[in-house]
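[1] Show me how the following folds:
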Amino acid sequence: MKKIIITLAVLLTAQIMPAQNTSGNCYRGFVDGAYTIGIDEYDFNRIEINTSHGYQINPYIYVGGGFGFHFMSSYKTKGSTTFILENRDSHVDVPIFANIRANLSKGKITPFIDGRAGTFITHHGGQYLVASIGCRFSVNEKQAINVSVGCTSEKLEFEAFNLQPSKSTTTGIVIKAGYEF
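    Okay, here's the model as predicted:
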């Protein structure tokens, strides 16, 4: 009985505590899962997990930084060739990035524009750029669910068929779903 009373007290306290205000001047965090579809000569589809943490300057502008883990199951060159022209030892890339986000309105359903720019800390670095548009669905003043679609450009290092390392720029369409707190 004592456990039930304590549990109810904690739950009721959590319900009456003021939530973090989205009006600005506060910490904000994002976690998202994504899938990128390669659209250029490289067929590098990947699953991504990213997180960004920073400051909500006002109801419209967020500035922060983050990192992620990008998993590629295979590396293929599109076209008529039956062999892979490039090779990599690892299928995991880790980007670090600056993140800026602009909410285009206030309300329970809010469109936004999101931009990330950074570098990979694996495979001797390389650019990481993402621009996306999406929609934020408020759960309460403190939390929201986000969905977006965008374009990504990444410069990744590979070992070419002549065994020399080279950097190749890959582009893709990214589809993201995330949680904001």
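
[2] Leaving out sequence neighbours, find the closest residue to the residue sitting nearest the centre point of the chain.
    For the chain, the residue sitting closest to the mean C-alpha position, by Cα atoms, centre = their mean, is N50 at 4.0 Å. Distance criterion Cβ to Cβ, 6 or more residues apart in numbering; nearest residue to N50, sequence neighbours excluded, is G68 at 3.5 Å. C-beta here means a position set from N, CA and C on the backbone, and glycine is covered the same way.

[3] What of G150?
    Once flanking residues are discounted, G150 sits nearest to S132: 2.5 Å by Cβ to Cβ, 6+ apart.

[4] count of residues packed around that neighbour?
    By the measure other Cβ atoms under 10 Å, the count of residues near S132 is 23.

[5] So it sits against G172, correct?
    No - applying Cβ atoms under 8 Å as the test, S132 and G172 come out as separate, 11.6 Å apart.

[6] Show me whatever sits in contact with both of these two.
    Common contacts of S132 and G172 (Cβ atoms under 8 Å, 6 or more residues apart in numbering): C151.

[7] All the helices of this protein, residue numbers only.
    2-16 (DSSP state H).

[8] how about low-confidence regions in it?
    Residues of the chain that meet the criterion pLDDT under 70 lie in 1-23, 42-43, 74-90, 158-163.

[9] just the strands in it please.
    In the chain, the strands defined using DSSP state E lie at 26-38, 46-56, 61-72, 86-87, 92-93, 95-103, 109-120, 127-138, 144-160, 165-180.
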